[in-house]
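Participant: Just to be clear, the model below is a prediction. Sequence and coordinates:
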Amino acid sequence: MIVAILVASAAMTFPVAARQARDTDSFAVNAYLCETADYAMDFATAVANDAEEEYAKDIVGRIAKREVCGRYIGVAAIQEQKVVINSGIMYRLTAFRFHEDGRLAWIAERVFAIDQPSSSWHL
């Protein structure tokens, strides 16, 4: 009987601990994000060229021939981060996984330009 109580207690504790661990890694997001890392880099480039975020979203949408970027609001955790050099620009890419619907969305930050443009490569 004591073993059954301990097993039941442990079963109730582990899901709570897992949820708390997930919640501590999560944070509120309210930003323009894109479906893929490539679209996120296009969006960051449009913003760097003085396009307002709403207009940059439309620019990338015209390239993709559908809406691929937009404002995301919710609770998310960082799933992946990487640095990419594309057309002589270094980007820091971050993928967010949203808890509400499980969607994955990307943001790109332009870090700096490299003097000699090279083909795309990932660090």
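Facilitator: Received, thanks.
Participant: Now do the spatially most central residue of the chain, the pLDDT please.
Facilitator: The centre of the chain sits closest to Ala95, judged by C-alpha atoms, centre = their mean, with a distance of 2.5 Å. Note on Ala95: pLDDT of 98.
Participant: Can you identify each of the helices in this structure by residue range?
Facilitator: Ranges of helices within the chain are 2-24, 37-48, 53-64, based on DSSP state H.
Participant: still on that earlier bit, was I right about the residue nearest to the centre of the chain contacting Ala76?
Facilitator: No. Using C-beta atoms under 8 Å, Ala95 makes no contact with Ala76, being 9.4 Å away. No exception for glycine: its C-beta is placed from N, CA and C like everyone else's.
Participant: what do these two both touch?
Facilitator: Residues touching both Ala95 and Ala76 (C-beta atoms under 8 Å, 6 or more residues apart in numbering): Ala105.
Participant: Give the bridge partners for Ile78, please.
Facilitator: Counting by DSSP bridges, Ile78 is bridged to Phe96.
Participant: list the contacts for it?
Facilitator: Here Ile78 is in contact with Asp25, Thr94, Ala95, Phe96, Arg97 (C-beta under 8 Å, 6+ apart).
Participant: Distance check, it against Thr36.
Facilitator: Ile78 sits 16 Å away from Thr36, taking C-beta to C-beta, to the nearest Å as the criterion.
Participant: likewise Glu53?
Facilitator: With distances taken as C-beta to C-beta, Glu53 is found 18 Å from Thr36.
Participant: on that earlier part again, tell me who's in contact with the residue nearest to the centre of the chain.
Facilitator: Contacts of Ala95 (C-beta under 8 Å, 6+ apart): Ala37, Ile78, Gln79, Glu80, Gln81, Leu104, Ala105, Trp106.
Participant: Now, of those, which are buried?
Facilitator: Ala37, Ala105, Trp106 (16 or more other C-beta atoms under 10 Å).
Participant: Tabulate these (JSON lines), appending distance to Ala31.
Facilitator: Shown next, in JSON lines, are these (distance: C-beta to C-beta, whole Å):
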{"residue": "Ala37", "distance to Ala31": "15"}
{"residue": "Ala105", "distance to Ala31": "9"}
{"residue": "Trp106", "distance to Ala31": "11"}
